[in-house]
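# Would you be able to build a 3D model of this:
(chains A and B)
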Amino acid sequence: MQVTRRQALGLSAGAMAFVALGPGLKVARADEAATEKSLMEFTGGKTPEAGKITLNAPEIAENGNTVPITVSVDSEMTDAAYVDSVMVLAENNPNPSVATFRFTPLSGEATATTRMRLAGTQNVIAVARMNDGSVFMDKKLVKVTIGGCGG
Amino acid sequence: MAAPKPRVKVPKSASAGEVITIKTLISHNMESGQRKDKDGKVIPRQIINKFTCEFNGTQVFGCDIAPAISANPYFEFTAKVPQSGTFKFTWVDDNGEIYTHEQAIEVK
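Sure, this is the predicted structure:
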């Protein structure tokens, strides 16, 4: 059976996840590990570069229940070169997953706006994955005055 | 929670190949599964977990949604309009319900 590139990436992602945690890092914060795991699964084990993607989020969110964010990726969005997905994570929410936007060449532009919940002041991370597998990342610190997880 | 109502803003017309902006909203509590009721019991999660937008049957945009998306989920995105046709919007609820909305656009 021929091992596809995707399978090989998946295998090395698993191996790299162990290596990334490191032998000395016995007690990683659960939320950092969860964020890292989601990130690596999305990128197929690749470390994202900076550039191409911009995450817009307010410096201070008055209400953690509804924080407006916009992601936008610099891309021609042609059939040959386009943004496949953008994943948004919130490092210190009970669960880091926020949303994964799926784009196609018919999107015209790789941009999306939504409103999210933030449990408290934390980094919001946006990672773009292109159709050729390359990955890019942006990160913004959002200060939250009233947390948004109903607690 | 009353029956979720979708609201969508799509221009009525566009020129061929133009990239338009679409805004969508659906009324929904988006119960995250993090809240507790007055007796301390966890209120079970019930959210819209997926949104898609198709044009004449082809996917334009989609979103896999987690509980961190705010109540009354709002999405704004763009679409390239090659010809006249119909946008179809779909929201999938955790409880299996599917809400849809259609909107036509004319290419002059």
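# buried ones in stretch A:127-139?
Buried residues in stretch A:127-139, defined by neighbour count with 16 or more other CB atoms under 10 Å in any protein chain shown: A:127, A:128, A:129, A:130, A:131, A:135, A:136, A:137, A:138. For every residue, glycine as well, the C-beta is placed using N, CA and C.
# actually stretch B:34-54, sorry about that
B:34, B:46, B:47, B:48, B:49, B:50, B:51, B:52, B:53, B:54.
# CA atoms only: put the helix or strand encompassing residue B:54 into CSV for me.
Taking DSSP states H and E as the definition, residue B:54 sits inside strand B:48-55. In CSV, the C-alpha atoms belonging to strand B:48-55 read as follows (Å, rounded to 0.1, in the frame of the first residue of the first chain):
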residue,chain,number,x,y,z
ILE,B,48,-25.9,25.4,15.8
ASN,B,49,-22.8,23.4,15.0
LYS,B,50,-22.5,24.0,11.2
PHE,B,51,-23.3,26.7,8.7
THR,B,52,-23.0,26.5,4.9
CYS,B,53,-23.7,28.7,2.0
GLU,B,54,-24.1,27.3,-1.5
PHE,B,55,-24.7,29.0,-4.8
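# partners of it in the sheet?
strand B:58-65 (antiparallel), strand B:85-93 (antiparallel) (DSSP bridges).
# what are the C-alpha coordinates of the longest one, in PDB please?
It refers to strand B:85-93. Below are the C-alpha coordinates for strand B:85-93, written out as PDB (Å, rounded to 0.1, in the frame of the first residue of the first chain):
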ATOM      1  CA  GLY B  85     -28.900  32.100  -9.400                       C
ATOM      2  CA  THR B  86     -29.900  31.200  -5.900                       C
ATOM      3  CA  PHE B  87     -28.000  31.200  -2.600                       C
ATOM      4  CA  LYS B  88     -29.000  28.500  -0.200                       C
ATOM      5  CA  PHE B  89     -28.100  28.900   3.500                       C
ATOM      6  CA  THR B  90     -28.200  26.000   5.900                       C
ATOM      7  CA  TRP B  91     -27.800  25.800   9.700                       C
ATOM      8  CA  VAL B  92     -27.500  22.500  11.500                       C
ATOM      9  CA  ASP B  93     -28.600  22.200  15.100                       C
END
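# What's the first helix or strand after it?
strand B:98-107.
# Are that following strand and chain A in contact anywhere?
No: applying CB under 8 Å from any CB of the partner chain, one finds strand B:98-107 separated from chain A by no less than 13.0 Å.
# Touching that strand from outside, list them.
In this structure, residues lying in contact with strand B:98-107 by CB atoms under 8 Å, 6 or more residues apart in numbering or on different chains are B:4, B:6, B:8, B:10-16, B:20, B:26, B:81-93.
# Pull out the buried residues from it.
For strand B:98-107, using 16+ other CB under 10 Å, the buried residues are B:99, B:101, B:103, B:105.
# who in chain A is up against chain B?
Selection of chain A residues close to chain B by CB under 8 Å from any CB yields A:65-67, A:70, A:77, A:90, A:93-95, A:97-109, A:111-118, A:148-151.
# can you count the residues close to residue 33?
Defaulting to chain A. Using other CB atoms under 10 Å in any protein chain shown, residue A:33 has 16 other residues around it.
# meant chain B actually
With other CB under 10 Å as criterion, residue B:33 counts 16.
# which of the strands paired with strand B:48-55 is buried the deepest?
Comparing the strands paired with strand B:48-55 by mean neighbour count (mean count of other CB atoms under 10 Å in any protein chain shown), strand B:58-65 ranks first with a mean of 21.
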